[in-house]
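*Asks:* Structural data only, the sequence is not supplied:
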């Protein structure tokens, strides 16, 4: 029988980061690694795409004109280069009071001594209100305690000192020190992470950094982040005034808010799945996700349990591969051991809100100190086909619901070991009729990938074929990470598997690494199975009331 290989040629690094620390520096380092190569600054057409030709664009021009004609924010709040953070905040609230509050749905008529913005019958209403916090404990629904310089939440929320990350519409950072610009962008990204955690189906987040003489406008999504140029706000505050006005006038869709999940007055949670011209399908789910990521740029896998406990509702931004997970789930419908797909739908694409942005004119910023950047546009790598991963948000209704592995107290609590394959996003087909037509990719989390594949990627040798040998090596790394940290008794098994896969080290201690693929797969499979069975025999008859660092559960292949 001819050997079958999965198709490979180019690495697609889709690692899902876990265990983010709460210390700001540790979190920043983790975000730097996660967003490496995905943060573009000074992209072209940013202003035109985000703020022009919108239903409210003309109104923001009239707000700017009124700002110029009526003494800006008053003699007590003159925008200047020597403002500190407190003065910036006073200016922001003065701007809101003088020019934006009169545009709210239930606004009172401005007093005679206040500026009036010229209104038109079809003008949209202000949707939000400016907020900030003074203490770290004033925010609920996030991962860590944070204090925010500035954010916008819905105007319909009653004024109070306690806020929720679920309600944040726009986030901003303020600093009077030019030397803190990079730190403030890092902080902005940490806040966006909190927003995505509390709003896991959020499509993107609008934000800005105002640092003394300049403002930089940002959009962050599941594919990374991109920004405008640094705009001088001392020479003219037009961009700042109009951007702030725009953020307050934008509707939910323009702010990237999630239109799928809704909560009622009793905090019951519902998923609204659009069906074209048909009535939306409504599914009640448990308010708390079974799983949600702690990352920004990721597949964003988010899982909910239906209220009747029968189904798993899974949302995912995917890996950007040409075949989505939904296609693989459809193909695997009749296969035993694979979760059953009941219903699915594609909901949104990252390309939708990035359309019109010119990434070739921007540069990749590796979140280091100011002035340090990687390169402009595609010059970073002539082989790179795209500037960002074409992620797509999908919905899947799956059965049975099951439960997370970490909720199991023993492996044999059901009498027998049972499990289903639930995540097919990074799958490949052994025989793909489209192999000759589409780019081939290596998919996987870097730390679990076989050394031979990683060496090929390093050497840009894209002719490598992925084989069963690479899968066995990946299994070995999963065993090390998943079991060796907890079960001392499996160390001998791990050493044996290492010898089977990589050979015996020489007596001189020199490294000997053999990772070719034998034509006869039994040469690797048979001794690995024997090693597992011998380990099981050693454990038989032993009873373990609980698992500790030096104990091991009884399990069977």
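*Replies:* Right, received. Where do you want to start? None of the values given here were measured: they were computed from a predicted structure.

*Asks:* Closest to the centroid, which residue in this protein?
*Replies:* residue 296 (2.9 Å; CA atoms, centre = their mean).

*Asks:* what residues are up against that one?
*Replies:* Contact analysis of residue 296 by CB atoms under 8 Å, 6 or more residues apart in numbering lists 31, 34, 35, 189, 192, 193, 196, 220, 222, 224, 225. Placement of C-beta: from N, CA and C, glycine included.

*Asks:* just residue 229 next, same as before
*Replies:* With CB under 8 Å, 6+ apart, residue 229 has these contacts: 41, 42, 46, 216.

*Asks:* Tabulate those in a markdown table, adding columns for distance to residue 387.
*Replies:* Output for the contacts of residue 229, formatted as a markdown table (distance: CB to CB, whole Å):
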| residue | distance to residue 387 |
| --- | --- |
| 41 | 13 |
| 42 | 14 |
| 46 | 14 |
| 216 | 19 |
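
*Asks:* Would you map the helices across the stretch 101-250 of the chain?
*Replies:* 181-198, 238-249 (DSSP state H, counting those that start in this stretch).

*Asks:* For stretch 35-53, give me every contacting residue.
*Replies:* For stretch 35-53, using CB under 8 Å, 6+ apart, the contacting residues are 57, 60, 189, 206, 216-217, 219, 223-230, 239, 242-243, 246, 296-297, 355-367, 373-374, 380, 387-389.

*Asks:* What average pLDDT does that stretch get?
*Replies:* For stretch 35-53, mean pLDDT rounds to 96.

*Asks:* Also stretch 57-68?
*Replies:* 96.

*Asks:* Repeat that for stretch 313-322.
*Replies:* 86.

*Asks:* do stretch 269-276 as well
*Replies:* Mean predicted confidence for stretch 269-276 is 85.

*Asks:* do the same with stretch 518-526
*Replies:* 92.

*Asks:* Now it: buried residues?
*Replies:* Burial within stretch 518-526, assessed by neighbour count using 16 or more other CB atoms under 10 Å, is assigned to residue 524.

*Asks:* Start and end of it, how far apart?
*Replies:* Terminal residues of stretch 518-526 lie 13 Å apart, using CA to CA, to the nearest Å.

*Asks:* do the same with stretch 33-48
*Replies:* Termini of stretch 33-48 sit 30 Å apart (CA to CA).

*Asks:* how far out from the middle of the chain is it?
*Replies:* Put simply, stretch 33-48 sits 15 Å off its chain's centre (CA atoms, centre = their mean, to the nearest Å).

*Asks:* Same check on stretch 288-304?
*Replies:* 8 Å.

*Asks:* Which positions within it qualify as buried?
*Replies:* Neighbour count says stretch 288-304 has 289-290, 292-304 buried, by 16+ other CB under 10 Å.

*Asks:* which SS class is residue 90?
*Replies:* Under DSSP: H, G, I helix; E, B strand; the rest coil, the three-state class of residue 90 is helix.

*Asks:* for the nearest residue to it once chain neighbours are set aside, phi and psi?
*Replies:* Of all residues not flanking residue 90 in the chain, residue 77 sits nearest, at 5.6 Å (CB to CB, 6 or more residues apart in numbering). Torsion angles at residue 77 (phi, psi; degrees, to the nearest 10) stand at phi -140, psi 60.

*Asks:* same deal with residue 339?
*Replies:* phi -60, psi 150.

*Asks:* what's the next secondary structure element after the helix or strand harbouring residue 47?
*Replies:* Using DSSP states H and E, residue 47 sits in helix 46-51. Downstream of helix 46-51, the first helix or strand assigned by DSSP H and E is helix 57-69.

*Asks:* now for that next one, which elements pack on it?
*Replies:* Applying 3 or more CB pairs under 8 Å, 6 or more residues apart in numbering; DSSP states H and E, we find helix 57-69 packed against helix 238-249.

*Asks:* Next secondary structure after the helix it packs on?
*Replies:* Counting by DSSP H and E, what follows helix 238-249 is strand 261-263.

*Asks:* Name the residues that touch that following strand?
*Replies:* 201, 269, 270, 271, 272, 285, 287.

*Asks:* With adjacent residues omitted, what lies nearest to the first one?
*Replies:* When you say that, I think you mean residue 201. Counting by CB to CB, 6+ apart, the residue nearest residue 201 is residue 258, at 3.9 Å.

*Asks:* where along the stretch 401-550 of the chain do the helices fall?
*Replies:* Taking DSSP H, counting those that start in this stretch as the criterion, the stretch 401-550 of the chain contains helices spanning 451-458, 468-479, 491-502, 522-539.

*Asks:* Now the first one: buried residues?
*Replies:* Just to be clear, that refers to helix 451-458. Here helix 451-458 shows 452, 453, 454, 456, 457 as buried, counting by 16+ other CB under 10 Å.

*Asks:* What is that helix packed up against?
*Replies:* Counting by 3+ CB pairs under 8 Å, 6+ apart, helix 451-458 packs on strand 442-444, helix 468-479.

*Asks:* Point out the most buried one among those.
*Replies:* strand 442-444 (a mean of 22; mean count of other CB atoms under 10 Å).

*Asks:* Show me where the stretch 1-150 of the chain dips below the pLDDT cut-off.
*Replies:* Low-confidence segments of the stretch 1-150 of the chain, defined by pLDDT under 70: 1-23, 112-113.

*Asks:* Quick one: the strands in it, in order.
*Replies:* 11-13, 39-41, 128-131, 139-140, 150-154 (DSSP state E, counting those that start in this stretch).

*Asks:* Out of those strands, which gets nearest to residue 309?
*Replies:* Among the strands of the stretch 1-150 of the chain, strand 139-140 comes nearest to residue 309, with 26.7 Å by CB to CB.
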